[in-house]
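>>> When you get a sec, could you give me coordinates for this:
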Amino acid sequence: TERVIGRLERGGFGYLKVDYNETLGLGCDGAESLGEGLRQQVLGVYRFFDLIRARLPELVIENCSSGGHRLEPSMLGRTAMSSFSDAHELVEIPLIAGNLHRLMLPRQSQIWAVLHRSDSEQRLIYSLAATFLGRMCLSGEVDRLTPKQWALVLRAQALYRQAAPIIKHGVSRRYGEMGESWRHPRGWQAMWRMATEAESALLVVHAFAGAPFSAGIPLPAGSWRIAERLDSSVTTDIAVEGSGMTLALKAEFSGQVLLLRRSRA
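You can find the predicted model right below:
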């Protein structure tokens, strides 16, 4: 309490990252079984987190431990955000981030885009598009990007600010066709997130290996238009037609983000 909470309080810290990447082991001594000892130890951890929150209610706590068995409801409820995965530079990021919509609120899910100077425009957009499935986090060689690359990052950030209310308060629906392996993804994924007021929506599209040239997803009732988009010259063409949307997937491992508005008659 003194060395952690006291230090945070005296130092005026506003952000605490709690990383946990260790196995639980067989259990803990001191009770009638190793399992019961472990249960009691976990309850002690909960009490400590609750004490942090009571003493420092404005402190933002990051639960960085998806590999350490803490990406689960009891810890998600005690922290503001969680780093969703260690697969930061792999092509599986959109799959993991999209599937986590079933487990946690996107506004709590930190999606890291690790950017490199050697990345093509297509790869940069693939990585940046994935961050729209949660909270945008940037890493990598952000200080070495070319002016053109950095301008693309700024464009993505500007669109993200517009989409933030939908990410924060919305309902998700996942579309796509996947192969048998997530480690070697094939097909495509489109994550539709409808705003609470149902007048705007966010669509995040990723094409993987062997993606079909054309795919379609249904649209909610009404007349929809594309208000803003983040894409490149080789990414998906999208046509809005009545109650459906047609995706022309032109390139493997490409991504695109669209902000849609419901047109008023």
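
>>> can you give me the helices for the protein?
7-11, 34-55, 73-76, 93-99, 121-130, 147-168 (DSSP state H).

>>> Kindly reformat these as TSV containing mean pLDDT.
Rendered in TSV, the data for the helices of the chain read as follows (pLDDT from 0 to 100):
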stretch	mean pLDDT
helix 7-11	96
helix 34-55	94
helix 73-76	91
helix 93-99	94
helix 121-130	95
helix 147-168	97
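
>>> Turn those into TSV, including distance to residue 186 and mean neighbour count.
For every residue, glycine as well, the C-beta is placed using N, CA and C. Output for those, formatted as TSV (distance: least, Cβ to Cβ, whole Å; neighbours: other Cβ atoms under 10 Å):
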stretch	distance to residue 186	mean neighbour count
helix 7-11	46	11
helix 34-55	39	14
helix 73-76	31	15
helix 93-99	11	23
helix 121-130	15	23
helix 147-168	26	16
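
>>> Next, format those helices as JSON lines and append distance to residue 107.
Listed next are those as JSON lines, based on distance: least, Cβ to Cβ, whole Å:
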{"stretch": "helix 7-11", "distance to residue 107": "23"}
{"stretch": "helix 34-55", "distance to residue 107": "18"}
{"stretch": "helix 73-76", "distance to residue 107": "11"}
{"stretch": "helix 93-99", "distance to residue 107": "13"}
{"stretch": "helix 121-130", "distance to residue 107": "16"}
{"stretch": "helix 147-168", "distance to residue 107": "5"}
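
>>> Name the nearest residue to residue 239, ignoring sequence neighbours.
Distance criterion Cβ to Cβ, 6 or more residues apart in numbering; nearest residue to residue 239, sequence neighbours excluded, is residue 246 at 4.7 Å.

>>> Let me know whether the one you found touches residue 213 as I believe.
No. With contact defined as Cβ atoms under 8 Å, residue 246 does not count as touching residue 213 (10.6 Å).

>>> Neighbour count: those two, which is higher?
The neighbour count for residue 246 versus residue 213, taken as other Cβ atoms under 10 Å, is higher for residue 246 (14 against 8).

>>> Can you tell me how far that one is from residue 141?
According to Cβ to Cβ, to the nearest Å, residue 246 and residue 141 sit 36 Å apart.

>>> residue ranges with poor pLDDT in the protein?
Residue ranges of the chain with pLDDT under 70: 66-69, 233-236, 264-265.

>>> Need the residue closest to the centroid of it.
residue 134 (3.0 Å; Cα atoms, centre = their mean).

>>> Please name the residues that touch the closest residue to that one other than its chain neighbours.
Nearest non-adjacent residue to residue 134, counting by Cβ to Cβ, 6+ apart: residue 109, 3.4 Å away. By Cβ atoms under 8 Å, 6 or more residues apart in numbering, the residues touching residue 109 are 81-82, 84, 97, 100, 133-135.

>>> mind redoing it with 7 Å?
By Cβ atoms under 7 Å, 6 or more residues apart in numbering, the contact list for residue 109 reads 82, 84, 97, 100, 134-135.

>>> and if you look at residue 115?
Residue 115 touches 124, 127, 138, 140-142, 145, counting by Cβ under 7 Å, 6+ apart.

>>> neighbour-wise, which of those leads?
residue 127 (27 neighbours).

>>> Surely that residue and residue 116 touch.
No. In this structure residue 127 lies outside contact range of residue 116 using Cβ atoms under 7 Å: 9.2 Å.

>>> intersection of neighbour lists for the two?
What both residue 127 and residue 116 touch, as defined by Cβ under 7 Å, 6+ apart, is an empty set.
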